[in-house]
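Okay, here's the prediction I keep looking at, along with the sequence it came from:
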Amino acid sequence: MELVNLKVEAYAQQFTTKQDALLQKVLDETKLQHPHAHMLSGDTQGKLLQFLSMMLKPSKILEVGTFTGFSALSLAKGLQADGMLHTIEIRTDDARVAQQYFDKSVYGKQIQLHLGNALEIIPSLDEQWDLVFIDADKVNYIQYYELTLPRLNAGGIIIADNVLFHGQVMESEVKGKNALAIHAFNEHIKNDERVEQVMLTVRDGLTLIKKK
């Protein structure tokens, strides 16, 4: 199922503020050089992440799944002056590339990159989060959520990416481990009385989850 109408997305992009030079560089180079460039948050989605972060003005951000650094740099734009963004990446090559971009950013000193398994790293971070972005392996979404929610401040937001998973979650019979995991995650959030949420049909789906 094709979720993204390319003409609509191209039109929307024409009327969306352009990325700054560094973010545009991350977009362009990832698309040209990375074999899995489709994992990159889109241009318009990146701007949405910036807006959400700038509205929340978080002091502490956690990102699960760095990739090449585009989403972290987008989220960092809303950080308070003394705020920190912690981002976790399991792939060494992607972490190396992301760190190179972070080093060029004015937010570089406010971004701490952790290399390794997020299921092990998240419990080791003694922080209270204002904003969490989950965009990593789909089979562990529920675990990432349950690890972060207790340390999310009241009124804080968790953003979960790929919640439509290429439309596969809408099939009459959901198949494949990733689609099944995302559908289970969506059901988990729907039935969690600790939060309220809204699912947005942006690209591959974003759910905004607010802790009560």
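Noted; the coordinates are in hand. Residues are numbered from 1 along each chain as shown.

ranges for the helices of this protein?
All helices of the chain, identified by DSSP state H, fall at 6-14, 21-33, 43-56, 70-76, 92-104, 118-121, 141-148, 177-190.

And for Arg151, the neighbour number?
Close neighbours of Arg151, defined as other Cβ atoms under 10 Å, add up to 17. The way it works is simple: take the backbone N, C-alpha and C, and place the C-beta from them, glycine included.

I'd say it and Glu127 touch.
Yes. Counting by Cβ atoms under 8 Å, Arg151 touches Glu127, with 6.6 Å between them.

Just list the residues touching the residue most central in space within the chain, thanks.
The C-alpha lying nearest the average C-alpha coordinate of the chain belongs to Phe133 (Cα atoms, centre = their mean; 4.0 Å). Residues in contact with Phe133 (Cβ atoms under 8 Å, 6 or more residues apart in numbering) are 49, 61-65, 71, 75, 158-159, 161.

Let me have these in a markdown table, extended by neighbour count and pLDDT.
Converted to a markdown table, the contacts of Phe133 look like this (neighbours: other Cβ atoms under 10 Å; pLDDT from 0 to 100):
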| residue | neighbour count | pLDDT |
| --- | --- | --- |
| Leu49 | 26 | 98 |
| Ile61 | 25 | 98 |
| Leu62 | 29 | 99 |
| Glu63 | 29 | 98 |
| Val64 | 28 | 98 |
| Gly65 | 22 | 98 |
| Ser71 | 26 | 98 |
| Leu75 | 28 | 98 |
| Ile158 | 24 | 98 |
| Ile159 | 22 | 98 |
| Asp161 | 25 | 98 |
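
Please dump the residues you listed into TSV; it should also carry distance to His36 for every row.
Listed next are the contacts of Phe133 as TSV, based on distance: Cβ to Cβ, whole Å:
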residue	distance to His36
Leu49	19
Ile61	24
Leu62	23
Glu63	18
Val64	17
Gly65	12
Ser71	15
Leu75	21
Ile158	24
Ile159	21
Asp161	15
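
now, among those residues, which is nearest to Gln110?
Comparing the contacts of Phe133 against Gln110 with Cβ to Cβ places Ile61 closest, at 9.2 Å.

so that closest one bridges to which residues?
With DSSP bridges applied, Ile61 shows beta-bridge pairing to Leu85, Leu131.

Surely Val97 and Thr66 touch.
No. Contact criterion Cβ under 8 Å: Val97 and Thr66 do not qualify, at 9.3 Å.

okay, these two: which has more neighbours?
Neighbour count, other Cβ under 10 Å: between Val97 and Thr66, Thr66 has more, with 27 against 21.

Which pLDDT value belongs to the nearest residue in space to the more buried one that is not next to it in sequence?
Spatial nearest neighbour of Thr66, chain neighbours left out: Glu89 (3.6 Å); criterion: Cβ to Cβ, 6 or more residues apart in numbering. Confidence at Glu89, expressed as pLDDT, is 98.

What about Glu89, how many residues nearby?
By other Cβ under 10 Å, the residues close to Glu89 number 27.

Quick one: residues contacting it.
Residues counted as contacts of Glu89 (Cβ under 8 Å, 6+ apart) are 65-67, 95, 98, 113-115.
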